[in-house]
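J.: structure, please.
(one chain, ligands or ions: 1)
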Amino acid sequence: MNRVVVGLSGGVDSSVAAAILHHQGYEVVGLTLWLMKGKGQCCSEGMVDAAFICEQLGIPHHIVDSRDVFQAHIVDYLVAGYSDGITPLPCSQCNKTVKFGPMVKYAREQLGIDKIATGHYARISYNSDLGRYQLLRAVDQSKDQSYFLYDLTQDLLAASVFTLGEMHKTETRKIAAEFGLKTADKPESMDLCLVEANGSMREFLDKYLAAKKGDIVDREGRVLGQHDGVHHYTIGQRRGLGIAAAEALYVIGIDAVNNRVVVGDRTHLTQPECTVSRVNWVSIAPPTTPIRAEVQIRYRTTPAPVTVIPLMDGQDAHPTRVWDGQDAHPTRVKLVFDEPQLSITPGQAAVWYDGDILLGGGIIERQN
Ligand SMILES: Nc1ncnc2c1ncn2[C@@H]1O[C@H](COP(=O)(O)OP(=O)(O)OP(=O)(O)O)[C@@H](O)[C@H]1O
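T.: Reported below is the predicted structural model:
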């Protein structure tokens, strides 16, 4: 019988993935990574729901205490990033380093199973002409999570199954109800897990970073107000600046070295180019010449036409935080947008596609 490990968060999607595979005759083992304390998925509450699903399906349930890994690779990374004045996106790092990597390792080494399944909305297909696993958007475009999966390696994609990639969320809920799963009506997670567990990103960061007053300045360096720590700001932010001005002001830059937040009007928020580092080429081999694509510089944006220009190592050098030291020579690209893009935010992911095919992605290093 085919065996598969299903990553169970305690939510409806992974419950349904497990139920479908079980129903199809797979020998399913549930695996939950315990990532943090607090309420919500990946916390004790999620583990209990995951255990309940395994009990319902009559399958074994393994729990792996991964709180140290999560702390080191996600919490510390986020805190360091915010204190450096960037706005890190933890989810793609979490998928690769905390979830898929360790789950595949556990499945192979502890259980002798070579496939893992998750409840992600995305698709994987093998392209024999290219000799590569390709990552595609989900059929349900409104739930598509491929953006957060751009950093998965070929080895991880080869080992992974996205059971829900061809389904719409409405079908998932229907199947959950038909199977009578406890999680059938569980609400969607609306925010970052850390935000859900801590109330807000501000509350989370305030546990780690002390207030540090500094100046809010305009592009010419004129002091317009005061801030209480650069980690409370992100590019494009308009609220909470506490500055009375005739025109609306937005955060257009964060200068952590000098403890300054730079503000400007909306016209200063758009940029024609940016540099991206720690690039992972997914569905095609790394190109050596520019390619055309459509890019998302954040999760929920309309893909924008772009030219992706590969940068050789050392070219256009600029210091950047390489968060886990795994990439000795991070690959970098320059993105030249057909139309200038709004609020390009260092630390967030830029992910580029050809239609439904995710070509590659990386971390925005800086606006050019
Ligand atoms: N702590 C965890 N342990 C094991 N697998 C997990 C864990 N968290 C998430 N996953 C897997 O990753 C998938 C996507 O997780 P995500 O956090 O995006 O939640 P989601 O899309 O709301 O899914 P779900 O409804 O299953 O919680 C889950 O469906 C699950 O298979």
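
J.: check which helix or strand the residue in the stretch 151-300 of the chain that the ligand sits nearest to maps to.
T.: Proximity of the stretch 151-300 of the chain to the ligand (Cβ to the nearest ligand atom) peaks at residue 189, 4.8 Å away. Every C-beta, even on glycine, is put in place using the N, C-alpha and C of the backbone. According to DSSP states H and E, residue 189 maps onto no helix or strand at all.

J.: per-residue confidence for whichever residue of the chain sits closest to the ligand?
T.: When scored by Cβ to the nearest ligand atom, the chain has residue 11 as its residue closest to the ligand, at 2.1 Å. Per-residue pLDDT puts residue 11 at 93.

J.: phi, psi of it?
T.: phi -100, psi 180 (degrees, to the nearest 10).

J.: with the one 10 residues further on instead?
T.: Reported as degrees, to the nearest 10, the phi and psi values for residue 21 are phi -70, psi -40.

J.: what separation do you get for it and residue 35?
T.: Using Cβ to Cβ, to the nearest Å, we find residue 21 at a distance of 23 Å from residue 35.

J.: just want to know which of those two has more residues nearby.
T.: residue 35 (28 against 22; other Cβ atoms under 10 Å).

J.: elements contacting the biggest helix by length in the chain?
T.: The residue-count maximum for a helix in the chain (DSSP state H) belongs to helix 44-57. Here helix 44-57 touches helix 12-23, strand 27-34, strand 61-65, going by 3 or more Cβ pairs under 8 Å, 6 or more residues apart in numbering; DSSP states H and E.

J.: and with 10 Å instead?
T.: strand 3-7, helix 12-23, strand 27-34, strand 61-65 (3 or more Cβ pairs under 10 Å, 6 or more residues apart in numbering; DSSP states H and E).

J.: want to throw these into CSV with distance to residue 266?
T.: Conversion of those to CSV gives the following (distance: least, Cβ to Cβ, whole Å):
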stretch, distance to residue 266
strand 3-7, 42
helix 12-23, 37
strand 27-34, 42
strand 61-65, 47
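
J.: kindly report the residues of the stretch 51-200 of the chain close to the ligand.
T.: Residues of the stretch 51-200 of the chain found near the ligand (Cβ under 6 Å from any ligand atom) are 99, 118, 119, 120, 189.

J.: confidence score at residue 313?
T.: 59.

J.: shift numbering so it begins at 166
T.: Got it, the first residue is 166 from now on, which makes the last one we talked about residue 478.

J.: need the phi and psi values for residue 429.
T.: Residue 429 adopts backbone torsions of phi -160, psi 180, taken as degrees, to the nearest 10.

J.: and what of residue 343?
T.: phi -60, psi -40.

J.: do you know how far it is from residue 337?
T.: Counting by Cβ to Cβ, the gap from residue 343 to residue 337 is 11 Å.

J.: so what sits against both of those two?
T.: 181, 349 (Cβ atoms under 10 Å, 6 or more residues apart in numbering).

J.: more neighbours: which of those two?
T.: Legend: neighbour count by other Cβ under 10 Å for residue 343 and residue 337, higher for residue 337 (23 against 11).

J.: quickly find the element holding that one.
T.: Using DSSP H and E, residue 337 falls in helix 334-343.

J.: now the end-to-end length of stretch 430-440.
T.: Separation of the first and last residues of stretch 430-440 by Cα to Cα, to the nearest Å is 23 Å.

J.: what sits up against the helix-or-strand element of the chain with minimal mean pLDDT?
T.: When the helices and strands of the chain are scored by mean pLDDT, DSSP states H and E, helix 358-363 comes last with a mean of 79. The contact list for helix 358-363, computed with Cβ under 10 Å, 6+ apart, reads 174, 200-208, 210-211, 235, 239-240, 243, 255-256, 259, 354-357, 365-372.

J.: my read: residue 336 touches residue 330, true?
T.: No. Counting by Cβ atoms under 10 Å, residue 336 does not reach residue 330; the two are 11.9 Å apart.

J.: how about the strands of the stretch 316-465 of the chain, start to end?
T.: 325-327, 379-382, 388-392, 415-420, 425-429, 435-446, 456-461 (DSSP state E, counting those that start in this stretch).

J.: quick check: end-to-end length of stretch 362-382?
T.: Terminal-residue distance, stretch 362-382 (Cα to Cα): 33 Å.

J.: now swap in stretch 352-368 and tell me
T.: End-to-end distance of stretch 352-368: 23 Å, with Cα to Cα as the criterion.

J.: buried sites along it?
T.: 354, 357, 358, 359, 360, 361, 362, 363, 366 (16 or more other Cβ atoms under 10 Å).

J.: so what's residue 260 up against?
T.: Shown in contact with residue 260 (Cβ under 10 Å, 6+ apart): 266, 283, 285, 310, 313, 314, 315, 316, 317, 321.

J.: cool, residue 265 as well?
T.: 172, 259, 281, 283, 285, 314, 316-318, 320-322, 324-325.
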